[in-house]
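Undergrad: this one's sequence-less:
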């Protein structure tokens, strides 16, 4: 949406095509493949009217990006997103396998795509015979970016929320398990709170939607969060919103203000309920801090979703089971259990931990089919949502891989145990086929 808005502001025509399927839980593989073929055919026809095609690449979708590039021989193909940035940072990006892709965007796509179109070749950081790796950096002044072009989407297919951004990157930026810096860059950047309020009012008026999700690493790290909330209250804006926070950044005073300004739900990155593991993660928080934050939010009638990580490098079976047991005593409303995803820094330091052909990992399938699809390559097992997405389906086999103290199969089994023991309150994961 942002890239489209920037390009149209410069006078370029854009179209957004998304592969999002209704009632996807019910379809068979045969039905899904027919839908995918239809989508690909539509994409080929639509691309005839354009010179450039940008494809957003999330974890496990590079194979689909390559498939699309092979079909669009007459277009200039740009691929960017968290997965390609992750592989590049970990030195796992096999550029030779990307010969059908013209550009890999490694900076803010909103900036890279415009600069590529305008022929600014000074941002090429690496090249092969057919593929350029391109990085024009991050956008410095977030307030210069126009509002996302949500009108290019069929919003009826989505969850009824619109995204907002108050800041980019993480102000803390030290957690060893996190690749946030690959998404938003290393430098913490913020928007003017008045501009955010203007955007909220604009979205309500234009799209008739007043439910928002702040896509910040932590909304409470935004230095003008109090001013933002006060302005929403003073202008009597009828909106509601949800966001992520760090536990050590919330106070009773701030929670009261956020609630009054429309905050109804918060996700806290808990990760573990073991202080030693939190220290190894460089989380910068203690278990007592997490419990206090939960109690503050609940006392202010804010729904709390706890996010956990199973299988960190120093975790043991015992530490994980104790975290699962202790989690059930917390006053939280929903659980989100993540299995370990290898951080780019860890993969860089341990390049032989997995022998993955990342460009062949294919997670572009409905959740109910993933247990059969990930067995083709070890990389698929490390999508942090893969266990929760597979649900009760279990892969027929597991690679012989050990990370830290636990095998990959043990990490998955313990994640599955956590989900099963909190089943009624587990947040349902979205489905993978999304291009």
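TA: Looks like it arrived, so ask away. Note that the structure is a prediction, hence the values are computed from the model and not measured.

Undergrad: Show me what the host helix or strand of residue 4 is in contact with.
TA: Assigned by DSSP states H and E, residue 4 belongs to helix 2-9. With contact meaning CB atoms under 8 Å, 6 or more residues apart in numbering, helix 2-9 is reached by 14, 16, 54, 109-110, 113-114, 117, 145-149, 152. Bear in mind the C-beta positions are built from the backbone N, C-alpha and C, glycine included.

Undergrad: Distance from the chain centre to that helix, please.
TA: Relative to its chain's centre, helix 2-9 lies at 21 Å (CA atoms, centre = their mean, to the nearest Å).

Undergrad: any idea of the mean pLDDT for it?
TA: If you average the pLDDT over helix 2-9, you get 95.

Undergrad: now do stretch 414-422
TA: Averaged over stretch 414-422, pLDDT sits at 96.

Undergrad: how about that stretch: buried residues?
TA: Within stretch 414-422, the residues scored as buried using 16 or more other CB atoms under 10 Å are 414, 415, 416, 417, 418, 419, 422.

Undergrad: now, which of the residues you listed sits nearest residue 395?
TA: Closest approach to residue 395 among the buried residues of stretch 414-422 (CB to CB): residue 416, at 11.2 Å.

Undergrad: Excluding chain neighbours, what is closest to that closest one?
TA: Among residues not flanking residue 416 along the chain, residue 387 sits closest, at 5.7 Å (CB to CB, 6 or more residues apart in numbering).

Undergrad: and if you look at residue 129?
TA: That would be residue 99: by CB to CB, 6+ apart, it lies 7.4 Å from residue 129.

Undergrad: count of residues packed around that neighbour?
TA: Using other CB atoms under 10 Å, residue 99 has 14 other residues around it.

Undergrad: surely the residue nearest to residue 416 meets residue 339?
TA: Yes. If you go by CB atoms under 8 Å, residue 387 and residue 339 touch, sitting 4.6 Å apart.

Undergrad: anything in contact with each of the two?
TA: Counting by CB under 8 Å, 6+ apart, the contacts common to residue 387 and residue 339 are 412, 415.

Undergrad: Tell me which of those two has more neighbours.
TA: Taking other CB under 10 Å, residue 387 and residue 339 do not tie; residue 387 has more neighbours (28 against 24).

Undergrad: Distance-wise, check that one relative to residue 62.
TA: Per CB to CB, to the nearest Å, residue 387 is found 21 Å from residue 62.

Undergrad: One more: residue 176?
TA: With CB to CB as the criterion, residue 176 and residue 62 are 25 Å apart.

Undergrad: These two: which is more packed in?
TA: When residue 176 and residue 62 are compared for neighbours, residue 62 comes out ahead with 30 against 14, by other CB under 10 Å.

Undergrad: Do you know the pLDDT at that one?
TA: In this model, residue 62 is scored at 96, pLDDT.

Undergrad: May I have the secondary structure class of the spatially closest residue to it that is not a sequence neighbour?
TA: In this structure, residue 62 finds its nearest non-sequential neighbour in residue 359, 5.2 Å apart by CB to CB, 6+ apart. Classification of residue 359 by DSSP: H, G, I helix; E, B strand; the rest coil places it in helix.
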